[in-house]
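**Q** here are the coordinates; sequence isn't available:
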């Protein structure tokens with residue numbers, strides 16, 4: 001009888017230990033709230049303009065940390081901020097900093113979102129490859145948005161352009177209206193489409209059209225969207241106000257601040273430091289995430305310095 005009780009006790013203890021170990025092994029794997037920087041589940045909302053980059057960052061992060069699952073949701077910039085505010089997600093990726101009103105709204109709920117600036121992008125001006133226009137001044141770009149669709153082509157002749165905007169309530173539309181037009185309405189010549197792809201496709205098929213889109217959509221020369229439109233659309237050079245230097249949107253002009261419509265991409269989170277949201281933010285802002293941005297044509301905000309040693313022996 002005694003031996004039977006001992007065996008039963010050992011069985012119960014073994015069963016308890018196995019259950020405990022199994023529970024520990026799976027504690028972080030399928031949970032949105034109880035997670036770690038490298039395991040668990042995370043919902044990330046992002047502005048549509050950053051779609052290609054956010055999806056790639058999420059895939060790369062998951063490949064590095066198999067116990068982590070990052071679900072990404074495309075939205076407008078304001079929708080992403082509202083999702084973070086209303087607890088629909090724990091992290092967002094947007095192309096501007098939170099404004100004072102938004103910060104106060106978060107603070108009213110006891111939230112103090114932390115963030116990292118992770119990359120530089122910009123609003124690109126694209127036109128059909130056969131449009132007789134290569135450069136456009138900052139002032140003329142503003143005129144196209146707020147007054148008329150007439151500007152001067154490369155030969156000095158007046159040209160009428162059909163102006164396209166990517167999507168209603170997009171970050172590009174808000175940036176153009178708030179930062180450039182200072183709250184004024186777009187001219188009647190401006191047409192807001194349903195998506196960035198619609199704008200790119202329309203420009204590719206129609207001469208004398210110009211679209212204001214997020215550069216992130218066609219920054220990667222290896223991406224299928226870029227390849228499909230190579231030879232159909234072209235970027236326009238733009239100058240800073242008061243400068244005679246016209247620049248394409250690219251990593252160099254973003255770094256030197258010579259492209260006027262440069263913007264910063266941010267990752268915001270509202271959770272603590274030992275969470276998957278923090279882990280994702282740190283990854284995107286870290287060496288591997290920054291290298292990913294660099295390879296896809298954006299300017300990472302943090303670049304590793306390279307030290308070069310020159311051996312001068314024997315040179316005299």
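**A** Cool, got the structure. This structure is a prediction, so every number in the text was calculated from the model and none was measured. Residues are numbered from 1 along each chain as shown.

**Q** Check which element follows whichever strand in the chain runs longest along the chain.
**A** Taking DSSP state E as the criterion, the chain has its longest strand at strand 114-128. Downstream of strand 114-128, the first helix or strand assigned by DSSP states H and E is strand 135-136.

**Q** what packs against that next one?
**A** With contacts defined as 3 or more CB pairs under 8 Å, 6 or more residues apart in numbering; DSSP states H and E, the packing partners of strand 135-136 are strand 237-239. C-beta coordinates here come from the backbone N, C-alpha and C atoms, glycine included.

**Q** let's see 7 Å
**A** Counting contacts by 3 or more CB pairs under 7 Å, 6 or more residues apart in numbering; DSSP states H and E, strand 135-136 packs against no other helix or strand.

**Q** Residues contacting the very next helix or strand once past it, please?
**A** The first helix or strand that comes after strand 135-136 along the chain, using DSSP H and E, is helix 138-146. Residues outside helix 138-146 that contact it (CB atoms under 7 Å, 6 or more residues apart in numbering): 125, 151, 161, 163, 176, 180-181, 184, 186-187, 190, 210, 238-241, 260.

**Q** the inter-axis angle of helix 138-146 versus strand 114-128?
**A** Interaxial angle, helix 138-146 versus strand 114-128 (axes from the mean of the first three to the mean of the last three CA atoms, to 10 degrees): 90 degrees.

**Q** about what we covered before: what about the longest strand of the chain, average pLDDT?
**A** Throughout strand 114-128, pLDDT has a mean value of 97.

**Q** hmm, back to that, which ones among the contacts of helix 138-146 are found in strands?
**A** 125, 151, 163, 190, 210, 238, 239.

**Q** Hmm, which of the residues you listed is lowest in pLDDT?
**A** Among those, residue 151 carries the lowest pLDDT, at 72.

**Q** Against residue 63, how distant is that one?
**A** From residue 151 over to residue 63 the distance is 46 Å, taken as CB to CB, to the nearest Å.

**Q** Between these two, point out the one with more neighbours.
**A** Remark: of residue 151 and residue 63, residue 151 carries more neighbours, 18 against 9, as counted by other CB atoms under 10 Å.

**Q** Any idea what the nearest residue in space to residue 191 that is not next to it in sequence is bridged to?
**A** When the adjacent residues along the chain are set aside, residue 191 lies closest to residue 164, with 5.4 Å between them (CB to CB, 6 or more residues apart in numbering). Per DSSP bridges, the residues bridged to residue 164 are residue 191, residue 211.
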